[in-house]
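>>> sequence first, then the predicted structure, then my questions.
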Amino acid sequence: MIEAAFKGRLGSFDLDAEFTAPGQGVTALFGPSGCGKTTVLRSIAGLMRLPAGRLVVNGVTWQDGRRFVPPHRRAMGYVFQEASLFPHLSIEANLTFGMRRQKAPARIGLDEVIDLLGIGRLFDRHPTQLSGGERQRVAIGRALLSQPELLLMDEPLSALDRFSKDDILPYLERLHAALSIPVLYVSHDIAEVERLADTLVLMEAGRVRAAGPIADVLANPALPLIRLPDPAAVIDGTVIATDPRYGLSEVAVRGGVMTVPGLLGAVGTRRRLRVLARDISLGRHAPQDTTILNALTARIEGAEETADHQVTVRLRLGADGMGAALVARVSRKSWDMLGLRTGETIVARLKAVALVEPARQAAPQHDKSGIQARPWQS
Ligand SMILES: Nc1ncnc2c1ncn2[C@@H]1O[C@H](COP(=O)(O)OP(=O)(O)OP(=O)(O)O)[C@@H](O)[C@H]1O
């Protein structure tokens, strides 16, 4: 487990951020530009020392009122927005640079890093001969070979164009599946976070607004994420059957089974699905004579009227209302016409269920002001 609390003032900016994150998996620090994400990450790395700070990583105190472990003694890897490789060294030398000084037994070896990040064929080149995405993969490899107990990534994709982003994301997913160490991942791109994170720490103006499993934070009515123009739910599930004839897979999720386009791997493969609120319609009965493949029993957990005569409806799959969280957005008129109520069991018709993958992500947000333009801050 990671316990972090930092408090201090930088110019006119007040930071007072406290959260805990699991000792494994990816925790995203998410929030609009200027909310303090990088400041928190730099404080965790020890690159910045605020007046008050406490950091405990898997039971070891890295910082408190008396102790401050300097950055070079913290067992962490740091990946910056732009890869800072040594330009005069080959990729191989860049990767192995930090390895010689290590005394502890290796947690991850060079071969494994090469394999995970697909960087073997780049070995003899120099950083200037690589694309931005390739450089970033090498930077991640170098960070991992320092045998960190914690990997910190500060918007590692933000300097890349859309194609390079799409190229690197599958590698990050592979890392996610293969690594046993926790990763703290700073991002202001919700699509990236939905794809990679297990835990979400939502920051706003120097404070932690919420922290918890990503599906819960996304669907929490008290939080601004649900008021994004195009909210979505992420749902983790397991492939239970595939149908090559129709190119479909059945994925069991908490409270139901979804039919998803594509052959998503062997039975037992874990997959993350994404359902957009606007792709869900609600009814009292299972639809007949329809092309919709997914009609799932769900319970209405709550509903809030949003702008433009829309209602955001929070759902939990399953007749008992204990399954995965979904968010639907329906018109106020259809909500009233059907006379829907909180607590009622209904049928959620899913027009589309997407595997979380780059081709189906929201538009890229290279422009940092992108998120500020969204209404959820208001
Ligand atoms: N050394 C400093 N002195 C004064 N103000 C600072 C300093 N470092 C950061 N700030 C301010 O602190 C605030 C938080 O900055 P920070 O970089 O942590 O935000 P962020 O959420 O990571 O933003 P972004 O997504 O744009 O990278 C900003 O208002 C920034 O201007």
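Perfect, thanks for sending it.

>>> residues from the chain in reach of the ligand?
With the criterion set to CB under 6 Å from any ligand atom, the chain comes near the ligand through 10-11, 13, 31, 33-39, 188, 368. C-betas here are computed from N, CA, C, even on glycine.

>>> list the buried residues of the longest helix along the chain.
Secondary structure of the chain per DSSP state H: the longest helix is helix 162-178. The neighbour-count check on helix 162-178 (16 or more other CB atoms under 10 Å) flags 164-169, 171-173, 175-176 as buried.

>>> dump the C-alpha coordinates for that helix into CSV.
Provided in CSV are the C-alpha atoms of helix 162-178 (Å, rounded to 0.1, in the frame of the first residue of the first chain):
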residue,chain,number,x,y,z
ARG,A,162,-2.1,10.2,-31.8
PHE,A,163,-0.4,7.4,-33.8
SER,A,164,2.5,7.1,-31.4
LYS,A,165,0.1,7.1,-28.5
ASP,A,166,-1.9,4.2,-30.0
ASP,A,167,1.4,2.4,-30.6
ILE,A,168,2.6,2.6,-27.0
LEU,A,169,-0.7,2.0,-25.1
PRO,A,170,-0.7,-1.8,-25.7
TYR,A,171,2.8,-2.0,-24.2
LEU,A,172,1.6,-0.1,-21.2
GLU,A,173,-1.2,-2.6,-20.9
ARG,A,174,1.2,-5.5,-21.1
LEU,A,175,3.3,-3.9,-18.4
HIS,A,176,0.2,-3.5,-16.3
ALA,A,177,-0.5,-7.2,-16.6
ALA,A,178,3.1,-8.3,-16.0
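
>>> can you tell me which residues contact the closest residue to Gly118 other than its chain neighbours?
Nearest residue to Gly118 in three dimensions, chain neighbours excluded: Tyr171, at 6.5 Å (CB to CB, 6 or more residues apart in numbering). By CB atoms under 8 Å, 6 or more residues apart in numbering, Tyr171 lies in contact with 116-118, 137, 140.

>>> out of those residues, who's the most crowded?
For the contacts of Tyr171, counting by other CB atoms under 10 Å, the largest number of neighbours falls to Arg137: 27 neighbours.

>>> state the distance from it to Glu194.
22 Å (CB to CB, to the nearest Å).

>>> circling back: now tabulate the residues of the chain next to the ligand in a markdown table and tack on pLDDT.
Below are those laid out as a markdown table (pLDDT from 0 to 100):
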| residue | pLDDT |
| --- | --- |
| Leu10 | 90 |
| Gly11 | 88 |
| Phe13 | 92 |
| Gly31 | 90 |
| Ser33 | 85 |
| Gly34 | 88 |
| Cys35 | 92 |
| Gly36 | 94 |
| Lys37 | 94 |
| Thr38 | 93 |
| Thr39 | 95 |
| His188 | 84 |
| Lys368 | 31 |
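
>>> now, which of those sits nearest Leu218?
Using CB to CB, Gly31 is the member of these that lies nearest Leu218, at 13.7 Å.

>>> quick one: contacts for that closest one?
37, 188, 202-204, 209.

>>> find the nearest non-adjacent residue to it, please.
Leaving aside its sequence neighbours, Gly31 sits nearest to Met203 (CB to CB, 6+ apart; 3.5 Å).

>>> and that neighbour, that's in a strand?
Yes. Assignment of Met203 by DSSP: H, G, I helix; E, B strand; the rest coil places it within a strand.

>>> tell me the pLDDT of it.
As predicted, Met203 sits at a pLDDT of 94.

>>> tell me how many other residues crowd it.
24.

>>> quick one, phi/psi of the residue of the stretch 151-300 of the chain found nearest the ligand?
Distance from the ligand to each residue of the stretch 151-300 of the chain (CB to the nearest ligand atom) is smallest for His188, at 4.9 Å. Here is the backbone geometry of His188 (degrees, to the nearest 10): phi -120, psi 20.

>>> pretty sure it contacts Glu155?
Yes. If you go by CB atoms under 8 Å, His188 and Glu155 touch, sitting 7.3 Å apart.

>>> endpoints of stretch 79-90, how far apart?
In stretch 79-90, first residue to last residue: 19 Å (CA to CA, to the nearest Å).

>>> got it, and stretch 9-26?
28 Å.

>>> how far away from the center of its chain is that stretch?
Between the centre of stretch 9-26 and the centre of its chain there are 17 Å (CA atoms, centre = their mean, to the nearest Å).

>>> contact partners of that stretch?
Residues from elsewhere that reach stretch 9-26, judged by CB under 8 Å, 6+ apart: 1-8, 27, 34, 36, 39-40, 50-51, 58, 176, 179-185, 196-199, 201, 203, 206-208, 211.

>>> can you rerun that using 6 Å?
1-8, 27, 36, 39-40, 58, 176, 182-183, 185, 196-199, 201, 206-208, 211 (CB atoms under 6 Å, 6 or more residues apart in numbering).

>>> can you check stretch 57-67 too?
So stretch 57-67 is contacted by 2, 23, 53-55, 69, 74, 150 (CB under 6 Å, 6+ apart).

>>> now list the buried members of those.
Among the contacts of stretch 57-67, those buried by neighbour count (16+ other CB under 10 Å) are 2, 53-55, 74, 150.

>>> neighbours of Gly268, just the number please.
Number of residues near Gly268 (other CB under 10 Å) recorded here: 8.
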